[in-house]
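**Q** Build me a model:
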Amino acid sequence: MDKASIIGVLIGLGALGFVLYEVSHGQFGMFFSMEGVLMVGVGSISVIFMAMPMEKIKCVPGYVKRFLFHKGMPQEEVVKLIGKLSERARRDGILALESEMPNIKDSFLQAGLKMAVDGVEPANIEATCRIELAAMAERHKAGKKVFDLLKLYGPGYGLVGTLVGQVGLFGNLGSADIGQLGHALAIAVVATMYGAILANAIAGPIGDKLSLRSSEELQAREMMLQAILSIQAGDNPRVTEEKMLAFIPAVTRMKMRAAA
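**A** As a prediction, this is how the structure comes out:
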């Protein structure tokens, strides 16, 4: 579970809930507008269907899951695992890594090492792995695109709801019915609020977190690729480790060296 995401969600919900309670004195119903939900919520969903292919839309639950749960290997664990594999290959030969395959949970690292064990040329290993990295980057872009669309068009639909409410307000001025005027004005204001919340408290943060996770995963895979090529080349385990440490921030790198 991504603790930072959960904490952020709880803090946001807590702040919003407290403000709504203070303003309404517990009468939360005044903030609900079915017209606003239909305009902003359903309208924004329609944008996703218009802008994205169906196979990408089916992946939306997976994108949300990636936001809440992060299963990627931390860089420190990657360095330790590769260090162990490098020492085994140096000591017993690269073919000895075949017995280690069931213990490697990362599919990218496992596939790369299998190619190295099978004697595939380094250039072919690198080309194959980079194709997979490029495909992965495109998949991640599609995930972020969904929430970028919500961030972009949610406030727009909120504005449309505001204009609709204002038209209703002006259209009922002649009757001077305070109830109808208040209802129309509430639609106008609440629709804008829904659009702002959707863009700034939901879609924007999720999209940014997915983008950050994508960068971290791509960097981790690049680190694995360099380690695979280093192991296949028969480099000293220390050299392989130094190549991986180059991807890690200096502070973390110093801590890992001190703990070694």
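**Q** only C-alpha atoms for contact and neighbour calcs from this point on.
**A** Will do.
**Q** G207 and L149 touch, don't they?
**A** No. Taking Cα atoms under 8 Å as the definition, G207 is not a contact partner of L149, at 9.7 Å.
**Q** Find residues that contact each of those two.
**A** Residues touching both G207 and L149 by Cα atoms under 8 Å, 6 or more residues apart in numbering: none at all.
**Q** who's more crowded, the two?
**A** G207 (24 against 20; other Cα atoms under 10 Å).
**Q** Quick check: that one vs P249, distance?
**A** Counting by Cα to Cα, to the nearest Å, the separation of G207 from P249 is 24 Å.
**Q** Likewise for A134?
**A** For A134, the distance to P249 equals 24 Å [Cα to Cα].
**Q** Please identify which of the two sits among more neighbours.
**A** The residue with more neighbours, out of A134 and P249, is A134; 12 against 9, by other Cα under 10 Å.
**Q** May I ask you to name the longest helix in the chain?
**A** Looking across the chain with DSSP state H, the single longest helix is helix 122-171.
**Q** what's the average pLDDT for that helix?
**A** Averaged across helix 122-171, the pLDDT comes to 89.
**Q** Which strands or helices does that helix pack on?
**A** Contact here means 3 or more Cα pairs under 8 Å, 6 or more residues apart in numbering; DSSP states H and E; on that basis helix 122-171 packs against helix 34-36, helix 43-51, helix 54-57, helix 60-68, helix 107-117, helix 178-197, helix 204-232.
**Q** So G36 is in contact with V190, correct?
**A** Yes. Counting by Cα under 8 Å, V190 is a contact partner of G36 at 6.4 Å.
**Q** Of the two, which one has the most company?
**A** G36 (29 against 24).
**Q** Tell me the spacing between the more buried one and N103.
**A** G36 is 52 Å from N103, by Cα to Cα.
**Q** What pLDDT is listed against A260?
**A** In this model, A260 is scored at 61, pLDDT.
**Q** and if you look at S44?
**A** Looking at S44, its pLDDT is 91.
**Q** And it, how close does it get to F147?
**A** 10 Å.
**Q** Equivalent analysis for E76, please.
**A** From E76 across to F147, the span is 30 Å (Cα to Cα).
**Q** Looking only at neighbour counts, state which of those two leads.
**A** F147 (26 against 14).
**Q** quick one: contacts for the nearest residue to the more buried one once chain neighbours are set aside?
**A** Spatial nearest neighbour of F147, chain neighbours left out: A203 (4.9 Å); criterion: Cα to Cα, 6 or more residues apart in numbering. A203 makes contact with F147, D148, L150, K151, according to Cα under 8 Å, 6+ apart.
**Q** With distance to A258 as new columns, can these be given to me in CSV?
**A** Listed next are these as CSV, based on distance: Cα to Cα, whole Å:
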residue, distance to A258
F147, 41
D148, 42
L150, 46
K151, 44
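**Q** tell me which of those residues is nearest to I197?
**A** Within those, the smallest distance to I197 is 9.5 Å, found for K151 (Cα to Cα).
**Q** roughly how far apart are the closest one and G234?
**A** As defined by Cα to Cα, K151 lies at a distance of 49 Å from G234.
**Q** Over to E216?
**A** With Cα to Cα as the criterion, E216 and G234 are 27 Å apart.
**Q** Let me know how buried the closest residue to A196 other than its chain neighbours is, in neighbour terms.
**A** In this structure, A196 finds its nearest non-sequential neighbour in P155, 5.6 Å apart by Cα to Cα, 6+ apart. For P155, the neighbour count with other Cα under 10 Å is 23.
**Q** need the contact list for P155.
**A** If you count contacts by Cα under 8 Å, 6+ apart, P155 has them with V40, T192, Y194, G195, A196, L198, A199.
**Q** could the residues you listed go into TSV alongside distance to L109?
**A** Formatted as TSV, those follow (distance: Cα to Cα, whole Å):
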residue	distance to L109
V40	43
T192	47
Y194	44
G195	42
A196	42
L198	38
A199	37
